[in-house]
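> What shape does this take:
(chains A and B)
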Amino acid sequence: MVKTLIQATADGVMMGSIYGLVAVGLTIIFGIMRVINFAQGSLLMVGMFTTYWLWVGLGINPYLSIPVVVAVAFAIGYLLQRYLLNHLLRSETDREPLSALILTMGLWLALDNLSLLLFGPQYRMAQTSEPRLMLGFLTVSLPRLMAFVLSVGGVSLLTLFLNRSRVGTQMRAVGQDRRTSVLMGVNSYHIYAVAFGIGASITAIGGALLVPFHYVYPTVGVLYSVRTFVVVVLGGLGSIPGALLGGILIGLMDSIGAQFIKASWVTVIIYLVFLLVLFVKPSGLMGVEKE
Amino acid sequence: MSMQQKRFRLTSLLMTAILALSVLAGCAKPGGNKSAEQSAPAVTEVKVGMLLPLSGGSAPVGEQTKAAADFAAARINAAGGIKSLGGAKLKLIYADSKGDQQVGVSETERLITQEKVAVVMGAYQSAVTMTSTQGAERLKVPYINPIAVADGITERGFQYVFRITAKASAKAKVHMDFLPYIAKQTGKEIKSVAFVYENTDWGQSTAKAWKEAAPKLGYKVVLDEAYTNNMQDATPIATKVKGANPDVVLLVSYTGDAIQLVTAMAKLQVDAMAIMGAAGGYADPKFLPSVGKNGDLLYDIAAWSPDIEKPAAKQINEEFKAKYNYELNGEMVDQILGMYVLADALERAKSVDPQKLRDALAATDMKGRIVDISIYSGIKFDQSGQNMYASELLVQFQNGARKTVFPVEVAPKENKPVFPVPKWADRK
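Now for the predicted structure:
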């Protein structure tokens, strides 16, 4: 039993770090723009397909194609924000942008169906065997370990960027108080576009990390959508370390919980824990209380 | 109101109008014949409603079923269509269930009330078939179910539902017939079994039959794990299976989860004497390429297999492969048979009137000819609408191919089941 628990813990942390990374992308977009992006799962799918085609088509190692994935996703995110969402945000400067929410739902449908049209519905696996490391009785899947390392690394780099760079500071300012930062000379709409671009690329990196062991198909984003929202809210809306922590927690609950109860029940337990946390601390585990 | 506000209002009004128009355009069917063409004396085509998952998690198998249906209908039409209706051709009208029960219900109603189909065929997935057949029964339109296996589909006293393939409980019997047989053949005792199955009607029906049979054979059920479809990660369940250490693992999954489970169990080196699937995802042609060596020596059940000792089977497989570049499987053959059953019933009914068609379907008694592409000895529906002659066989993945190994009567003599399968560490 102990062996099983240790295996489950290792797997839970590794898988959870990916949930966390994907959620960080979503939390950036929400934290800075107060936009709930329903198309986040589709952006994950974009990252996955980009990595898949580069690997299968051109033989490029998935980890080496991350810069390409970042560029593609950033471009998509930036352009979407600049030409579609910013219009909406401009006309609703006094309120939370609800119409932006609906727009992102439309984007989700459009992106998923475009992918379905272009690539067809079949499942694609980039490689059939997961290379692994045996540490005694513990099986450690190498691609998942890589995913963990790169997720944590990526989030750390992002946090550094947000705290130390000029653009990062501007992003944090806009996230804290839109109006004041505009008064201080920040071009908020440009920052929104950058934020959306970064949010999209972080999630897309999560997709790239999944390709070595996860199957790829047009609606794969839907598999992650609900869970990503849970992770983001659990960790605290707008909190990046919170999203990563939330992801790992959920990965652990998933993995360890499944050892004791039926898999279908684990999902129920996860949601119950989620509700409990919100009850006790509504702003999430690491969220900041807003006055 | 400022100029900018006015412009914004106008733009949003315009976009709403465009959206509304495109929604309406989506509703109107191009070339849709809303008049009562069907009941007019000169019938040139028979509209067949096809409800299938063409998007979502089961889209791959939905597409394959569509291919089989198109293939069969084209064949029937090329041979002269429905001769008793003056050579009327079968026209397949597809509706996407998206793998969702609610969508299945509304699409069935749309097919019947707006597309005015004479019959509905569907829906591959048991859960969707269970609910969509209710609509057809209520509207008194025949519903042919070639593939979905959940027992309950034909156990509700419905008059308009007909099933070609065997029920889940009958299919589950194959595993429980094979295990004592092979244990006796090899002298290896089987003490424990683990069931891992998707938790909708299909998985539940199959697992129920297994759970009833196992104690009678003296097998201890060490794991009874129902999971929700479309798992993000099967590693937790695979870890649980490894911990339970069963002699035999029995699985019911759709494609995505099948790939994940088999890969995870291979990765964690779950060493059971046999790992057995129950068609569905395991029978998907995409399954084996996606799992590669991890699928070696896996067992699976099927309503059909390309290597069965029947010339008609091999011939139709070649014909299909020439057109679509992949082989048939049990589900696709059931779909082909379903189309021919419909054609046969239409010939006898000499009408597309739902009541007459329903009665003709109920009186179906087909033997030989097209039925010989399968292992069924015939197609005849009992009182509940279940094909009495449906049966199932067992295959094992050997050298990248599905080889029929059981029952011995249909299995090629050179196919020998490997049992117990070698440990993962001992495999290349």
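> Find the nearest non-adjacent residue to A:Ile270, please.
Closest residue in space to A:Ile270, ignoring its immediate chain neighbours: A:Met253 at 5.3 Å, by Cβ to Cβ, 6 or more residues apart in numbering or on different chains. The C-beta positions use only the backbone N, C-alpha and C, and glycine is treated the same way.
> Need the three-state assignment for the closest residue to B:Val421 other than its chain neighbours.
Among residues not flanking B:Val421 along the chain, B:Leu297 sits closest, at 4.3 Å (Cβ to Cβ, 6+ apart). At B:Leu297 the chain is in coil, as set by DSSP: H, G, I helix; E, B strand; the rest coil.
> Tell me where chain A has helices.
Assigned helices in chain A, in chain order: A:2-33, A:40-58, A:66-80, A:86-91, A:98-119, A:142-164, A:166-176, A:178-183, A:188-210, A:220-235, A:240-260, A:263-280 (criterion: DSSP state H).
> Those: lowest mean pLDDT?
Lowest mean pLDDT within the helices of chain A: helix A:86-91, at a mean of 79.
> The residue nearest to A:Ile270 and A:Lys281, how far apart?
Per Cβ to Cβ, to the nearest Å, A:Met253 is found 17 Å from A:Lys281.
> Let me know the average pLDDT across stretch B:338-348.
On average, stretch B:338-348 scores 96.
> sorry, that was for stretch B:317-331
93.
> Pull out the buried residues from it.
B:317, B:320, B:324, B:328-331 (16 or more other Cβ atoms under 10 Å in any protein chain shown).
> Sitting in helices, which of the residues you listed do you find?
Per DSSP H, those map to helices at B:317, B:320, B:324, B:330-331.
> And the furthest pair within the residues you listed?
B:Tyr324 and B:Gly330 (16.1 Å; Cβ to Cβ).
> pLDDT at B:Tyr282, what is it?
B:Tyr282 is assigned a predicted lDDT (pLDDT) of 93.
> Can you name the residues of the stretch 51-200 of chain B that neighbour chain A?
B:54-57, B:59-60, B:62-63, B:199 (Cβ under 8 Å from any Cβ of the partner chain).
> B:Ile370 contacts B:Leu337, doesn't it?
Yes - using Cβ atoms under 8 Å, B:Ile370 is in contact with B:Leu337, at 6.9 Å.
> higher neighbour count, the two?
Counted by other Cβ atoms under 10 Å in any protein chain shown, B:Ile370 and B:Leu337 do not tie: B:Leu337 has more neighbours, with 27 against 20.
> does the more buried one belong to a helix or a strand, and which?
helix B:330-349 (DSSP states H and E).
> If you count neighbours, what's buried in that helix?
Neighbour counts using 16+ other Cβ under 10 Å place B:330-346, B:349 of helix B:330-349 among the buried residues.
> Also stretch A:119-137?
Judged by neighbour count using 16+ other Cβ under 10 Å, the buried positions of stretch A:119-137 are A:119, A:121-126, A:128, A:130, A:132.
> Among these, name the ones in strands.
Using DSSP state E, the members of the buried residues of stretch A:119-137 that fall in strands are A:Arg132.
> ok, which of the buried residues of stretch A:119-137 also contact chain B?
A:121-125, A:128, A:130, A:132.
> got a list of what whatever residue of the stretch 301-428 of chain B ends up closest to chain A touches?
Here the residue of the stretch 301-428 of chain B nearest chain A is B:Ala425; by Cβ to the nearest Cβ that distance is 9.8 Å. The contact partners of B:Ala425, taken as Cβ atoms under 8 Å, 6 or more residues apart in numbering or on different chains, are B:Gln269.
> pLDDT score assigned to it?
Value for B:Ala425, per-residue pLDDT: 86.
> before we move on, back to that, reformat the buried residues of stretch A:119-137 into a markdown table and put distance to A:Gly57 next to each item.
Listed next are the buried residues of stretch A:119-137 as a markdown table, based on distance: Cβ to Cβ, whole Å:
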| residue | distance to A:Gly57 |
| --- | --- |
| A:Phe119 | 12 |
| A:Pro121 | 19 |
| A:Gln122 | 16 |
| A:Tyr123 | 17 |
| A:Arg124 | 12 |
| A:Met125 | 15 |
| A:Ala126 | 11 |
| A:Thr128 | 18 |
| A:Glu130 | 21 |
| A:Arg132 | 26 |
